[in-house]
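Colleague: fold the following.
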Amino acid sequence: MARKFCVLTVGRAGSTSLMESLEKIPGLAVPRTNVESEDNELVHPRHVKRHAGEYGKLVKRKISTQPELIDAFYEVNDSAEYAGFKSMPNRHRDFAAFASRKDIQFITLQRRDLASTAASFHRANETGTWRRHGEPRPDTWTFDVPRDGERVKENVRYILQSQRLLDAIPGAIRLFYEDLCDPKYAAAELDRFFGRPVRLLDPRPATSGRSYVTNWEDFQRFVTAAAKQVAATKGAAEPAAAAPGRGAARPRGAASGARAQAQAVRRRSAASGRVFYAWELGMDLGHLLRFLNPALQLRERGHEVVFAVRDLSNAESTLGHRGFPLMQAPIWIANVTGLPKVTISYAEIALRYGFISYPGLKALVKAWRELFRYVRPGLVLTDHSPTALLAARSLGLRHAPIGSGFFNPPLTNPLPSMRYWDKVPAERIAQPDQAATQIANRVLADLGGAPLKSMADLFRADENFLCTFPELDHYPNRGKAQYWGPTFEMEQGVEPKWPEGEGKRIFAYIKPRYRDFEDLLKALRDSDARVLVFAPGITKEHMDKYGSKRMVISREPLKLKAMIRDCDLVLCHGGPGTVTAALLAGVPLLIMPTQLEQLMSSRRVAQQNAAIVVMKAKPTGGKENPAAGEPPAEGKEAEKPTDYGRLIKQLLTDEKYRAGARAFAKKYERFSQAGQSRAIASRVEQLLQS
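Modeller: Residues are numbered from 1 along each chain as shown. Modelled structure (predicted):
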C-alpha cells in the first residue's frame, strides 16, 4: 500500500522544484506517472475534467467529484511505495474536508518573504512566467500604485488567506522555500517520511523582489499596509503575526481581544517545529550556553531555535555566529522597594522583577506575547524566566522550564525557603508567594490562561528539564524528580596554555568585582603552583601587577575541556558549569559565592567533601546578580579576613578533598554531555510533535 502525501502550497514558493525532486525517488508515483499533468496538479481547474476522464478509464468507473478523482489517483498507484500530488487550497471546493483526511500526509510549502511573494505573483500574472526554478528574473519592474495597487492587494489577500488555511492543517510537515534553497538545510520530518534525504535538485538562493523591483522600499511599505488591512478584515487571517516578514494583526479589545489573540497564536504555534529559548533573569555565559548543544542537535533534525536573551553583549560570539536568530528579552529594570533585604524564596525574586506590580507585570507579559506571536513557537523553553512562563501560560503554548535546581524550585505550596539551613517562619514564606500569585492572576484574568493556585503552578509545565545531579540540587529536600544532568559548554573560549615548569596546576575563574579579588590574585601568585586565571573585565593594571611566568591572566574564556583534565584545583564563585566540570573531572574546588544561588549550590558541593566554601558579605561594587538573590552573609565570621593562601594549600595537600571529588566523578563516569544533549533534543522533539 502506497504512503499517500500531498504537497500544498500558496504558490511562488518552489513547489515545482520540490515536486521534481520527489519524482526522482524510486517507487514514487505522481499524476505525471499516469497521465499528462501540468506541474503534477491533480485538481488543476483547467485540467480537472480531463484528469477525471483519464483516471475514470484506469479505475473503470465514472468520476464525478474531486474526492472521487483523488481516491482514484491513490487507487491507481496503490502498488507504489509513495503516491502524491501538488495542490493549493483554492483548488478544492471543500478544502476543510480534504485537509482533515487522516490517510494523507500533508506537506505545506510557504515563503516567509511576503513582499517578494506578492511581487512574484504580480510578475507571473503579467508575463506568464509561472515556473522559474529560482533563477534571477531577467526583467525589471517599477511598481505604480494607480496601475498595480489593486492587483497587488488582491495578491496579498490571497497569500495571507491561503497561509492561514495551511497553518491550520494538523500534523502537516511544514516547509519554507528559503530553507529549501539552502544546500545545507535538512528537513528532518520530510526525510523521515520518505526514508531518505530529500533536497532540491538545484538549490539556489530565493530570488528577492529587491533584485527586480526598482522601487523596492515603496513596494514593501505598500505590501505591509495591505497586509494590515487584510488582517483587520473579517474572515482574513492574522497571518502577519505568524512568521517573520509579515505584518501584524492587532487585537481589537481588552479581554476578548487578548483571548482572540491567544487563540490565534495557539493555533498557529501548535504544529510549529520552532523552539523559543527565553532567558530573562541572571547573568553570565551559562545562560547562553546551557542549551547550545541540544539546539545544535535540533537544528540538525530540521527544527529552528530562536533565542531571546537578557544580555546580548556575548550573544553573537556564543550563539549568533552559529546562525541562531537572536532577540532582546523583555526585562524588568525598575528598582523595587519595600521588600525584605534578605531573599527567602523564588517568589520573592519574582516580586523583585515585576510580580509586585500589576501594570508592570502585565506590560512584561504582553511584550513576551508579542515575541511569541511573531516567532510562532511550538515550544517555549524558559531559563530563569518567570514572566516568560506566565506569558506562555496565558497563550496556552507548550512550555518547559530548563536549568539548574535554582531556576526550577520544588512544586510546593508555598514555594520553599531557599535558605534550607535556616529556620524560617511559615508566614514569612507564605506571604510573598500569595502576593506574587495574586498579581499574576490579575494579569491572567485580563490576558487569558488558567489562574494559579500558588506560584508553584507557574512551574507545572509540559516538561521540566532539571539540569543538574541530585547531589548538586539547590534544594536538598526536593523529593522525587527526574534529573537530566548538567548542561555546560566545555569548548567555548580560547585554547589554554599552562605556564612552563613544575608544580601543581590551578585554574581560577574569578570576577574583578569580588571584594577580595586582589587578595586572591596575590595568594595565587605567591603559591608554588602554575596558574591560569580567567577574570572577565580585569584591568590592564591588575594584569601587569599580578601576571607572571607562572600565572597567566586572561580576559577571554578558556576552553575547559583541555584544561580541567590537567587541573589540581579550581577556584570559582560557584557557577554550575565550572563546578560541574571540575567535579566530573575529579578536581576539588575553592568556592567563593557572591549571591544566594551560588551559596545554595556550593554548600551542596561542600557536603560531598569536594570543596571549601568561603562566605563574604558582599562583592565589591554591589550585587553581582540580583536576580539570584542578595549576596550571602554568614554572620560575624563572614567579615574576618580570609587566608586564601592557607586554603589553597589545604585543598592541594589534604587528600580528603581530592577523594571527595574523585568519588563524585566515579559515580557519574558514564555521564555523557553528548548523550544528554541528544536526550534533551529528543524530548523537545516529542513535545513539538505531541
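Colleague: next one, pLDDT for Gly501 please.
Modeller: Gly501 carries a pLDDT value of 89.
Colleague: distance-wise, check it relative to Cys181.
Modeller: Distance from Gly501 to Cys181, counting by CB to CB, to the nearest Å: 55 Å. C-beta here means a position set from N, CA and C on the backbone, and glycine is covered the same way.
Colleague: what about these two, which has more around it?
Modeller: The residue with more neighbours, out of Gly501 and Cys181, is Cys181; 18 against 9, by other CB atoms under 10 Å.
Colleague: make sure the more buried one is actually in contact with Gly14.
Modeller: Yes - between Cys181 and Gly14 there is a contact under CB atoms under 8 Å: 7.1 Å.
Colleague: go through stretch 78-93 and flag the buried ones.
Modeller: Ala80, Tyr82, Ala83, Gly84, Phe85, Lys86, Ser87, Met88, Pro89, Arg91, His92 (16 or more other CB atoms under 10 Å).
Colleague: quick one: contacts for the fourth one?
Modeller: Right, the one you point to is Gly84. For Gly84, the contact set (CB atoms under 8 Å, 6 or more residues apart in numbering) comprises Lys4, Phe5, Cys6, Val7, Leu22, Leu28, Ala29, Val30, Ile107.
Colleague: pLDDT score assigned to it?
Modeller: 97.
Colleague: which residues of the stretch 501-650 of the chain fall in helices?
Modeller: Secondary structure of the stretch 501-650 of the chain (DSSP state H, counting those that start in this stretch): helices at 517-526, 540-546, 560-564, 576-584, 596-607, 644-653.
Colleague: and the furthest pair within the contacts of Gly84?
Modeller: Ala29 and Ile107 (15.5 Å; CB to CB).
Colleague: of the two, who's got more company?
Modeller: The neighbour count for Ala29 versus Ile107, taken as other CB under 10 Å, is higher for Ile107 (26 against 22).
Colleague: quick one: residues contacting that one.
Modeller: Counting by CB under 8 Å, 6+ apart, the residues that Ile107 touches are Phe5, Cys6, Val7, Leu8, Gly84, Ala172, Ile173, Leu175, Leu190, Phe193.
Colleague: and those residues, which is closest to Ile159?
Modeller: For the contacts of Ile107, the nearest to Ile159 is Leu8 (13.7 Å; CB to CB).
Colleague: does the closest one sit in a helix or strand, and which one?
Modeller: strand 3-9 (DSSP states H and E).
Colleague: check which element follows the worst-scoring helix or strand of the chain on mean pLDDT along the chain.
Modeller: Ranked by mean pLDDT, DSSP states H and E, the weakest helix or strand in the chain is helix 255-269, scoring a mean of 55. Using DSSP H and E, the helix or strand that follows helix 255-269 in sequence is strand 274-279.
Colleague: next, count neighbours for Lys545.
Modeller: Lys545: 14 neighbours (other CB under 10 Å).
Colleague: for it, give its distance to Asp519.
Modeller: Applying CB to CB, the value for Lys545 to Asp519 is 13 Å.
Colleague: give the residue spans of this structure that score low on pLDDT.
Modeller: 127-138, 233-272, 616-639, 690 (pLDDT under 70).
Colleague: now do the contacts for the residue nearest to Val76 when sequence neighbours are not counted.
Modeller: Leaving aside its sequence neighbours, Val76 sits nearest to Leu58 (CB to CB, 6 or more residues apart in numbering; 5.0 Å). Shown in contact with Leu58 (CB under 8 Å, 6+ apart): Asn34, Ala72, Val76.
Colleague: can you flag which of those residues belong to helices?
Modeller: Mapping the contacts of Leu58 onto helices (DSSP state H) picks out Asn34, Ala72, Val76.
Colleague: hmm, the last one is touching Asn34, no?
Modeller: Yes - between Val76 and Asn34 there is a contact at 5.8 Å, judged by CB under 8 Å.
Colleague: what comes up buried for stretch 433-445?
Modeller: Result for stretch 433-445 [16+ other CB under 10 Å]: buried residues Asp433, Ala435, Ala436, Thr437, Ile439, Ala440, Asn441, Val443, Leu444.
Colleague: and what of stretch 325-342?
Modeller: Met327, Ala329, Pro330, Ile331, Trp332.
Colleague: list the contacts of the third one.
Modeller: Okay, so that is Pro330. By CB under 8 Å, 6+ apart, Pro330 lies in contact with Glu280, Leu364, Ala367, Trp368, Leu371, Thr387.
Colleague: swap in 10 Å and give it another go.
Modeller: Contacts of Pro330 were listed using CB atoms under 10 Å, 6 or more residues apart in numbering, and they are 278, 280, 308, 310, 354, 363-371, 385, 387-388, 391.
Colleague: mark which of the residues you listed are buried, thanks.
Modeller: Of those, these count as buried by 16+ other CB under 10 Å: 278, 280, 308, 310, 354, 364-371, 385, 387-388, 391.
Colleague: go through those and flag which are in helices.
Modeller: Leu364, Val365, Lys366, Ala367, Trp368, Arg369, Glu370, Leu371, Thr387, Ala388, Ala391.
Colleague: reformat the residues you listed as a markdown table; add distance to Asp167.
Modeller: Output for those, formatted as a markdown table (distance: CB to CB, whole Å):
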| residue | distance to Asp167 |
| --- | --- |
| Leu364 | 27 |
| Val365 | 24 |
| Lys366 | 23 |
| Ala367 | 24 |
| Trp368 | 21 |
| Arg369 | 18 |
| Glu370 | 18 |
| Leu371 | 18 |
| Thr387 | 27 |
| Ala388 | 23 |
| Ala391 | 21 |
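Colleague: and which of these is nearest to Leu397?
Modeller: Ala391 (8.3 Å).
Colleague: from Ala72, how far out is the nearest residue to Tyr420 once chain neighbours are set aside?
Modeller: Nearest non-adjacent residue to Tyr420, counting by CB to CB, 6+ apart: Pro476, 6.1 Å away. Separation of Pro476 from Ala72 (CB to CB) stands at 67 Å.
Colleague: neighbour-wise, which of these two wins?
Modeller: Ala72 (22 against 15).
Colleague: quick one: what helix or strand has the residue nearest to that one when sequence neighbours are not counted in it?
Modeller: Nearest residue to Ala72, sequence neighbours excluded (CB to CB, 6+ apart): Tyr55, at 4.2 Å. Here Tyr55 sits within helix 48-59, counting by DSSP H and E.
Colleague: chain center to that helix: distance?
Modeller: 48 Å (CA atoms, centre = their mean, to the nearest Å).
Colleague: which residues touch the nearest residue to Glu280 once chain neighbours are set aside?
Modeller: Setting aside the residues directly before and after it, Glu280 is nearest to Ser385 in space (CB to CB, 6+ apart), at 3.6 Å. Counting by CB under 10 Å, 6+ apart, Ser385 makes contact with 277-282, 287, 308, 310, 329-331, 353, 368, 391-392, 399, 401-403, 407.
Colleague: quick check: Ser385 vs Phe406, distance?
Modeller: Where Phe406 is concerned, Ser385 sits at a distance of 13 Å (CB to CB).
Colleague: any residues in contact with both of the two?
Modeller: Both Ser385 and Phe406 are contacted by Gly282, under the criterion CB under 10 Å, 6+ apart.
Colleague: these two touch, right, Ala481 and Asn464?
Modeller: Yes - counting by CB atoms under 10 Å, Ala481 touches Asn464, with 7.9 Å between them.
Colleague: shared neighbours of those two, anything?
Modeller: With CB under 10 Å, 6+ apart as the test, Ala481 and Asn464 both reach Asn408, Leu411.
Colleague: in a markdown table: the buried residues of stretch 433-445, plus secondary structure and distance to Leu165.
Modeller: Listed next are these as a markdown table, based on DSSP: H, G, I helix; E, B strand; the rest coil; distance: CB to CB, whole Å:
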| residue | secondary structure | distance to Leu165 |
| --- | --- | --- |
| Asp433 | helix | 45 |
| Ala435 | helix | 46 |
| Ala436 | helix | 42 |
| Thr437 | helix | 40 |
| Ile439 | helix | 40 |
| Ala440 | helix | 36 |
| Asn441 | helix | 36 |
| Val443 | helix | 33 |
| Leu444 | helix | 31 |
